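Trainee: A structural model of the following input is requested.
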Amino acid sequence: MKEVITTVTSSAVLLGVIAYLIRSIVKHILDKDLKVHATQLQAKADVQMAIFKDNLEKERTRLQVSYGGIFERQADAIIELYGIALAIEGRLNDGISKPEAREELHNLVLKLRAFYHQNRILFPERLDHLAKDLLGLGINIYSESSNGKIPSDLYFALTATKDEAIREIRCLLSTNVPSNS
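Mentor: Now for the predicted structure:
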């Protein structure tokens, strides 16, 4: 009986050792396969990420090129609007008592009207409203100054609107950076 117990015990120990070795070998093989698989997945992910970044950079560059022309046109239109508004104000400051001066004001208002309607799509909404107000004030001043005298309330409204438009233009063109006082 002692021999049976010894044989069973040694067989059990031997089976335990063999099971442990097999388990260790299988675990080692699986861990190795898992690391290889993880490395392959990471490599695929890195390639896909590089392709995605490259495509994103190409799209960003394409958009910059396509919008660059629009922003340049917008800046040109804004600057020209500013010039016309200054010309109208300058004409009013010089007076319109003579027929040729009044005719010059009329031509400037017509120029503003044509320019505004052709370019308003390029103006941001706030500047669009201010330009429309400038046009309305210019028309009203011309209409109400047939005697050669400029109505002061309309003149001051025009200059205030022009000044507000200039502030808006400075912000749009990034020339009016707030100071950190």
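
Trainee: Please make it C-alpha for all contacts and neighbour counts, starting now.
Mentor: Fine.

Trainee: Now for Ser97: which residues touch it?
Mentor: With C-alpha atoms under 8 Å, 6 or more residues apart in numbering as the criterion, the residues that contact Ser97 are 147-149.

Trainee: so what secondary structure elements neighbour the longest helix seen in the chain?
Mentor: Ranked by residue count under DSSP state H, the longest helix found in the chain is helix 2-94. Contacts defined by 3 or more C-alpha pairs under 8 Å, 6 or more residues apart in numbering; DSSP states H and E place helix 2-94 against helix 99-119, helix 125-144, helix 152-172.

Trainee: least trustworthy position among the contacts of Ser97, going by pLDDT?
Mentor: In terms of pLDDT, Gly148 ranks lowest among these, with 86.

Trainee: For Ser145, grab phi and psi.
Mentor: Main-chain dihedrals, Ser145, degrees, to the nearest 10: phi -120, psi 30.

Trainee: so how far is Arg23 from it?
Mentor: Counting by C-alpha to C-alpha, to the nearest Å, the separation of Ser145 from Arg23 is 103 Å.

Trainee: what about those two, which has more around it?
Mentor: Set Ser145 next to Arg23 and count neighbours by other C-alpha atoms under 10 Å: Ser145 wins out with 15 against 12.

Trainee: what's near enough to touch that one?
Mentor: Ser145 is in contact with Pro151, counting by C-alpha under 8 Å, 6+ apart.

Trainee: okay, the helices and strands packed on helix 2-94, which one's buried deepest?
Mentor: Looking across the helices and strands packed on helix 2-94 with neighbours counted as mean count of other C-alpha atoms under 10 Å, the highest average goes to helix 125-144: a mean of 18.

Trainee: what's the closest non-adjacent residue to Ala87?
Mentor: Of all residues beyond its chain neighbours, the one nearest Ala87 is Leu108 (7.4 Å), with distances taken as C-alpha to C-alpha, 6 or more residues apart in numbering.

Trainee: what's around Leu122, how many residues?
Mentor: Taking other C-alpha under 10 Å as the criterion, the count of residues near Leu122 is 18.

Trainee: where's the nearest residue to it once chain neighbours are set aside relative to Val4, distance?
Mentor: Leaving aside its chain neighbours, Leu122 sits nearest to Gln74 (5.2 Å; criterion: C-alpha to C-alpha, 6+ apart). Look at Gln74 and Val4: by C-alpha to C-alpha, they are 100 Å apart.

Trainee: neighbour-wise, which of these two wins?
Mentor: More crowded of Gln74 and Val4, by other C-alpha under 10 Å: Gln74, with 20 against 9.

Trainee: looking at it, the more buried one is touching Leu127, isn't it?
Mentor: No. The pair formed by Gln74 and Leu127 falls short of the contact definition of C-alpha atoms under 8 Å, at 11.5 Å.

Trainee: so the least confident helix or strand in the chain by mean pLDDT versus helix 152-172, what angle?
Mentor: Each helix and strand of the chain was given a mean pLDDT (mean pLDDT, DSSP states H and E); the minimum falls on helix 2-94 at a mean of 87. Per axes from the mean of the first three to the mean of the last three C-alpha atoms, to 10 degrees, the angle that helix 2-94 makes with helix 152-172 is 150 degrees.
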